[in-house]
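Novice: here you go, sequence then predicted model.
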Amino acid sequence: MASDDGGLAGHRARLDAEMERRGAWPADSPWLREAFAAVPRDRFAPDRLWRWDGWAYLPLDRADDPDGWASELYVGVDASAVTQLTDGRPSSSLSAPSVVADMLDSLRVEPGHRVWDVGTGQGWTAALAAWRAGPGLVVTTEVDEHLAALARARLADAGLDVQAAAGDGTGGGVPGGGRVDRLHATYAVETVPWSWVEAVRPGGRIVCPWGRLGYVALTVADDGAAAHGWVHGLAQFMGDRHGPAQPSTGPAAYAQVRGDAEPEACRVLDRDPAGLADWHLRFALRVAVPDAVLFTDRGGERPAALVHDGDRSWAEIRPDATGGPLLSQGGPRRIGDELMAAWSQWEELGRPDLYDYGVTVAPDAQWAWQGDPDDGPRWPIGPLRPAAR
């Protein structure tokens, strides 16, 4: 592997400086800055990345365009790099540097901890955890055997003693058996597998993407009978490959759900739909109506909010003839009304931000809560229905 193709040293330095300028280096985990320098993300990137041109993903090969490849890999602290496509859609990536740093800070890895990294991908997060924990203490599981083999080779090339196994991290156990001190997942789950709680010792931590918008840091109870913790960040992750297919966003997916159906109910709203740009509200709506896919369509003269459930129910909010917001909806359920009710509840709760929410996982149930895990309002968590195909 070339030592500095594409000016990698300069890209690394710019990433470090931008993380510093943004305050993205976690103050409580200064080791992360050292680890990013010792095992940089370019050592774990494949020779082909995929760049979105606004219409499709186009290949970007290191051999043909090393500068472009490096620029895509280091495009920004909040940008991921797509490393694999399946059926034309991203199926693996190197996560955004700021998100990787924040999640590993939330994990609270210490030297001597045994760590299970679920969803190896390219192997970079396992490498960072191993740099901190020490030799032979990190195990990582990847469902894609090809990716697992590539990550295994990269980890070895970096001189890191990490066990990289091919297998199902969602339904399986820790490679080699036993319990770990920390579990870090790199893909989103709608429900946290109870097997993950069982795999972590009492008092240990689980950091995983939950749902389609954020990630949580859970602590396993002293008796091992539950795990609970707060939402720690906002980001979007690829879903569990063995989980139900996630409803797609965008106008095409909305059109597929709605078809040529006319609205079955319409009413003028007494609130400004521009408020939906608030990501704290969007997170609250996701908690209350987890199967609602909400996005903004900017294709017309004025932006419109479109909603669907991936099945047959839909809603849209567009300006009416007088410029006021009109809610139109159809299908078996009134998903627009559900979102408006959840919006009202969020306001009644004092407009809490996303960090005021948490998740509790028990053997037979799990739920999201706001404010207090015992006495605050709560919403049940269950697997979403598979998206219509």
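Specialist: Yep, that arrived. In this text the structure is predicted, and so the values were computed from the model without any measurement.

Novice: and residue 43, that's in a helix?
Specialist: Yes. The assignment for residue 43 is a helix, going by DSSP: H, G, I helix; E, B strand; the rest coil.

Novice: excluding chain neighbours, what is closest to it?
Specialist: Spatial nearest neighbour of residue 43, excluding adjacent residues (C-beta to C-beta, 6 or more residues apart in numbering): residue 158 at 5.8 Å. Where you see a C-beta, it was placed from the backbone N, CA and C, and this is true even at glycine.

Novice: ok, for residue 107, nearest residue in space, not its chain neighbours?
Specialist: Distances taken as C-beta to C-beta, 6+ apart place residue 207 nearest to residue 107, at 4.6 Å, with adjacent residues excluded.

Novice: what about the helices in this structure?
Specialist: Secondary structure of the chain by DSSP state H: the helices cover 8-22, 31-38, 66-73, 97-107, 124-133, 145-157, 194-199, 251-258, 279-288, 335-348.

Novice: looking at the ones you listed, which is closest to residue 173?
Specialist: helix 194-199 (6.1 Å; C-beta to C-beta).

Novice: so residue 51 sits against residue 61, correct?
Specialist: No. Applying C-beta atoms under 8 Å, one finds residue 51 not in contact with residue 61, separated by 10.8 Å.

Novice: these two: which has the busier surroundings?
Specialist: residue 51 (16 against 13; other C-beta atoms under 10 Å).

Novice: list the beta-bridge partners for that one.
Specialist: Under DSSP bridges, the beta-bridge partners of residue 51 are residue 58.

Novice: so who does it touch?
Specialist: Going by C-beta atoms under 8 Å, 6 or more residues apart in numbering, residue 51 touches 57-58, 60, 72, 82.

Novice: check residue 60 too.
Specialist: By C-beta under 8 Å, 6+ apart, residue 60 lies in contact with 48-51, 68-69, 72.

Novice: per-residue confidence at it?
Specialist: On pLDDT, residue 60 comes in at 95.

Novice: state the distance from it to residue 180.
Specialist: 36 Å (C-beta to C-beta, to the nearest Å).

Novice: can you list the domains in the chain?
Specialist: Structural domains of the chain, as assigned by automatic domain parsing, span the residue ranges 8-234, 251-348.

Novice: just the ones you listed: most buried one?
Specialist: Stretch with highest mean neighbour count among the domains of the chain: domain 8-234 (a mean of 19; mean count of other C-beta atoms under 10 Å).
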